[in-house]
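K.L.:
Predicted model and sequence below, questions to follow.
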Amino acid sequence: MRSPAVRVLTYLAIAIIGCGIALFAQPFWVQLFIGIMISAIMALAWDILSRTGQVSLGSAAFFGVGTYSVALLAEVLGTALAWASVVVVCGVLAVLLGLLTLRLRKMYFAIATMGLTLSMQVAVLVFSDWTGGSGGVIPPLLMGGDPVHQLLAITALLVIAAMVSDFFLSRRMRPALFLVRTNPALAAASGIPVVRLRIIAFTISGILAGIAGACYGGLYGYVVPTDVFNLNWSVLPLATVILGGMDTTLGPLLGALVIRALEETARTVIGGVGYQVVYGAVIILFVVLMPTGIVGLFNRILNFARQRS
Amino acid sequence: MFDTAIIAQTLLLSLTVAGLYASVASGLTLEFGVTRIINFAHGEFVMLGAFITYFLDTLYGVPPVIGMLVAGIAMAALSQLVFWAFLARVLRQDEHNQILATLGLSILILNLAVIWWSPDSRALHGPSLLPSLHLGGVTIPGNNLLVLLVGVILYIALISFISFTRYGVQLRLASDDPELAVLSGVNVNRMFGVSFVIGGFTAGIAGGLVALVLYVQPSVGLDLVVRAFAIVALAGLGSIPGAMIGAVLLSIAEGLTSTFVSHGASWSYGVAFLVIVLVLLVRPTGLFGKEMRA
């Protein structure tokens, strides 16, 4: 399944869909796919971390820090450097948190990262002199505010995210991560640098989520803290990955497509509040009935067909 | 600024808040101690309990003390239902899936509540159920006193249940050594269910307390459960006396922050997060926690 041909086909498919929508579709579809691709980047970021066995609820923290570093540093450093700073700020934050939390068992890790997400919102309010407080910030517009160009740029970022994800699934990394996830003691005994791998995965994951947040901030050029430091941005990637399939690159991509479609439907049926009920329903149904997600289902059907023939 | 009366008032009020925190945290820690599942939906059960107490009072005139009991029983029943319907299925699965399952449940209940009752905040405006207490220059509102009282009663009841009843002994055995428990004829799955029923009951009661002294709105469960997480992280997962002490420590820390730090009131659960970070740095298993099994 992981042959180079399939991988290149995946990248091509993302690029073709992204460019196709950007160039030929109605504004509604452009906006929808911008949303889908940001979700997909978030989901890939979350999945990369989950391959080391850690369930994170901290995606939103990095997402928001990405938004805020572009917004706050653009005045000081200029737009280009502010974008580059996302990598540094989220990277440093992830390494620090990684050193603090990655030796934790899964339950504690989930709780600690959830606490982090909620505290970021508090931090923005407490240090309102620097962060703009509840009034929000004005990040520079992405690609001058033109949705078509924004979609093209985000498509390129998604392809990069997919490549990064594939790197973590490569022949060298995948068995190591599997062992780190299932039996850390054995992994350490076989010479795998467990803590270092976890911190690297956490850092890459944090940077990707930060970039997604920076893109989100650049869409409309105005963000209030509750837009980004919101537990929803931690739950969305998780639901997306469960729906699509863990430990794959294709899974988060498909999951993002399906869950945004579900979300749009729910938003039309239920209205503005509470439509996130679909996340909860998806997570429960899939965890109980289909833990391997859509990709797992495909694989099972493929195997079944092969056995029949 | 550092007036003794203000400090005394802060400490006493914090102590009453601790009654609420402890009743949320003790159910959470009991459920974890027995089943090794962190119930992310615990806060949502508290929220449902608050709504039940609120609606019983405003629509049917049921006094909150009785509404609280009804909420407790309703949440115990709902917990049992949820446990058999789907948590029992993930008990033997990967820890990953256990976290996701209860988290999904939490999101589902939270958003259903938002759809049904809107995200707005409500409050009970009934007369105070107990007279206010005046001690020197310090006043404690009657409802806060009631919260403290209920918290203490709940704690004593839980500890006695665990220590002295047949179920309690079986619970502890199922928690300490599930295999030995099975060999001794304890129905471990049933004990897991029992822990969720008790946890649900305490969540419902805690919900009633929320309706009395805080506000009633869908997000209140999350507010409280984050603090409960900090408390159990501080105390060590699975320890009920630890949950009590952790609740007191956290509520005093929050009280002092909001009184003496500028903008302190907006810190809200930021204090809880700082507590989590400090504990993680110093003693990752918590102050009273058992060593974790892999």
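P.N.:
Perfect, I can see it now. All of these numbers come straight from a predicted model, not from anything done at the bench. Residues are numbered from 1 along each chain as shown, chains lettered A, B, ... in the order given.

K.L.:
going forward, measure contacts between C-alpha atoms and count neighbours the same way
P.N.:
OK.

K.L.:
List the contacts of residue 219.
P.N.:
No chain in the question, so chain A it is. A:Leu141, A:Leu142, A:Gly145, A:Pro147, A:Gln150 (CA atoms under 8 Å, 6 or more residues apart in numbering or on different chains).

K.L.:
should've been chain B
P.N.:
By CA under 8 Å, 6+ apart, B:Ser219 lies in contact with B:Met47, B:Leu110, B:Pro119.

K.L.:
Tell me how many other residues surround the second one.
P.N.:
A count of neighbours around B:Leu110, defined by other CA atoms under 10 Å in any protein chain shown, yields 28.

K.L.:
so which helix or strand takes in residue 241?
P.N.:
Since no chain was named, I'll use chain A. helix A:232-244 (DSSP states H and E).

K.L.:
Correction: the question concerned chain B.
P.N.:
helix B:240-260.

K.L.:
tell me the secondary structure for A:Val295?
P.N.:
The local conformation at A:Val295, judged by DSSP: H, G, I helix; E, B strand; the rest coil, is helix.

K.L.:
Contacts only, for it.
P.N.:
A:Gly244, A:Gly245, A:Leu250, A:Gly251.

K.L.:
A:Leu49 now?
P.N.:
A:Leu49 touches A:Val55, A:Ser56, A:Arg198, A:Ala201, A:Phe202, A:Ser205, counting by CA under 8 Å, 6+ apart.

K.L.:
Name the residues of stretch B:267-280 that come out as buried.
P.N.:
B:Trp267, B:Ser268, B:Tyr269, B:Gly270, B:Val271, B:Ala272, B:Phe273, B:Val275, B:Ile276, B:Val277, B:Val279, B:Leu280 (16 or more other CA atoms under 10 Å in any protein chain shown).

K.L.:
sorry, back to before: turn the contacts of A:Val295 into JSON lines, columns for pLDDT, neighbour count and distance to A:Val269.
P.N.:
Formatted as JSON lines, the contacts of A:Val295 follow (pLDDT from 0 to 100; neighbours: other CA atoms under 10 Å in any protein chain shown; distance: CA to CA, whole Å):
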{"residue": "A:Gly244", "pLDDT": "88", "neighbour count": "30", "distance to A:Val269": "23"}
{"residue": "A:Gly245", "pLDDT": "85", "neighbour count": "26", "distance to A:Val269": "27"}
{"residue": "A:Leu250", "pLDDT": "90", "neighbour count": "21", "distance to A:Val269": "29"}
{"residue": "A:Gly251", "pLDDT": "89", "neighbour count": "26", "distance to A:Val269": "26"}
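
K.L.:
Mind putting those into TSV with distance to chain B?
P.N.:
Below are the contacts of A:Val295 laid out as TSV (distance: CA to the nearest CA, whole Å):
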residue	distance to chain B
A:Gly244	14
A:Gly245	13
A:Leu250	20
A:Gly251	17
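
K.L.:
Point out where chain A drops to low pLDDT.
P.N.:
Counting by pLDDT under 70, the ranges of chain A that qualify are A:1-2, A:102-103.

K.L.:
max-length helix in it?
P.N.:
Longest helix in chain A, counting residues (DSSP state H): helix A:194-220.

K.L.:
buried set for whichever helix or strand comes after that one?
P.N.:
Next helix or strand after helix A:194-220 toward the C-terminus (DSSP H and E): helix A:225-228. Of all the residues in helix A:225-228, those buried under the rule 16+ other CA under 10 Å are A:Pro225, A:Asp227, A:Val228.

K.L.:
do the same with stretch B:162-175
P.N.:
B:Ile162, B:Tyr167, B:Gly168, B:Gln170, B:Leu171, B:Arg172, B:Leu173, B:Ala174, B:Ser175.

K.L.:
Columns secondary structure and pLDDT on top of these, output as JSON lines?
P.N.:
Formatted as JSON lines, these follow (DSSP: H, G, I helix; E, B strand; the rest coil; pLDDT from 0 to 100):
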{"residue": "B:Ile162", "secondary structure": "helix", "pLDDT": "86"}
{"residue": "B:Tyr167", "secondary structure": "helix", "pLDDT": "84"}
{"residue": "B:Gly168", "secondary structure": "helix", "pLDDT": "85"}
{"residue": "B:Gln170", "secondary structure": "helix", "pLDDT": "86"}
{"residue": "B:Leu171", "secondary structure": "helix", "pLDDT": "84"}
{"residue": "B:Arg172", "secondary structure": "helix", "pLDDT": "84"}
{"residue": "B:Leu173", "secondary structure": "helix", "pLDDT": "85"}
{"residue": "B:Ala174", "secondary structure": "helix", "pLDDT": "82"}
{"residue": "B:Ser175", "secondary structure": "helix", "pLDDT": "80"}
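
K.L.:
could I get those as CSV with distance to B:Leu78?
P.N.:
Converted to CSV, the buried residues of stretch B:162-175 look like this (distance: CA to CA, whole Å):
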residue, distance to B:Leu78
B:Ile162, 22
B:Tyr167, 20
B:Gly168, 21
B:Gln170, 23
B:Leu171, 20
B:Arg172, 23
B:Leu173, 25
B:Ala174, 22
B:Ser175, 22
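
K.L.:
Put together a markdown table for those, with distance to chain A on each row.
P.N.:
Output for the buried residues of stretch B:162-175, formatted as a markdown table (distance: CA to the nearest CA, whole Å):
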| residue | distance to chain A |
| --- | --- |
| B:Ile162 | 24 |
| B:Tyr167 | 27 |
| B:Gly168 | 25 |
| B:Gln170 | 25 |
| B:Leu171 | 21 |
| B:Arg172 | 21 |
| B:Leu173 | 22 |
| B:Ala174 | 20 |
| B:Ser175 | 17 |
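
K.L.:
what angle do the helix or strand A:Ala40 falls within and helix A:232-244 make?
P.N.:
For A:Ala40, the element it lies in under DSSP H and E is helix A:27-50. In terms of direction (axes from the mean of the first three to the mean of the last three CA atoms, to 10 degrees), helix A:27-50 departs from helix A:232-244 by 80 degrees.

K.L.:
Same list (the buried residues of helix A:225-228) but as CSV, adding distance to chain B.
P.N.:
Formatted as CSV, the buried residues of helix A:225-228 follow (distance: CA to the nearest CA, whole Å):
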residue, distance to chain B
A:Pro225, 14
A:Asp227, 16
A:Val228, 17
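
K.L.:
mind listing what residue 243 touches?
P.N.:
All of this is about chain A. By CA under 8 Å, 6+ apart, the neighbours of A:Leu243 are A:Gly251, A:Pro252, A:Gly255, A:Ile259, A:Val282, A:Ile283, A:Phe286, A:Gly293, A:Ile294.

K.L.:
you looked at the wrong chain, it should be chain B
P.N.:
Contact analysis of B:Ala243 by CA under 8 Å, 6+ apart lists B:Ala22, B:Ala25, B:Ser26, B:Thr29, B:Ile231, B:Val232, B:Ala235, B:Gly236.
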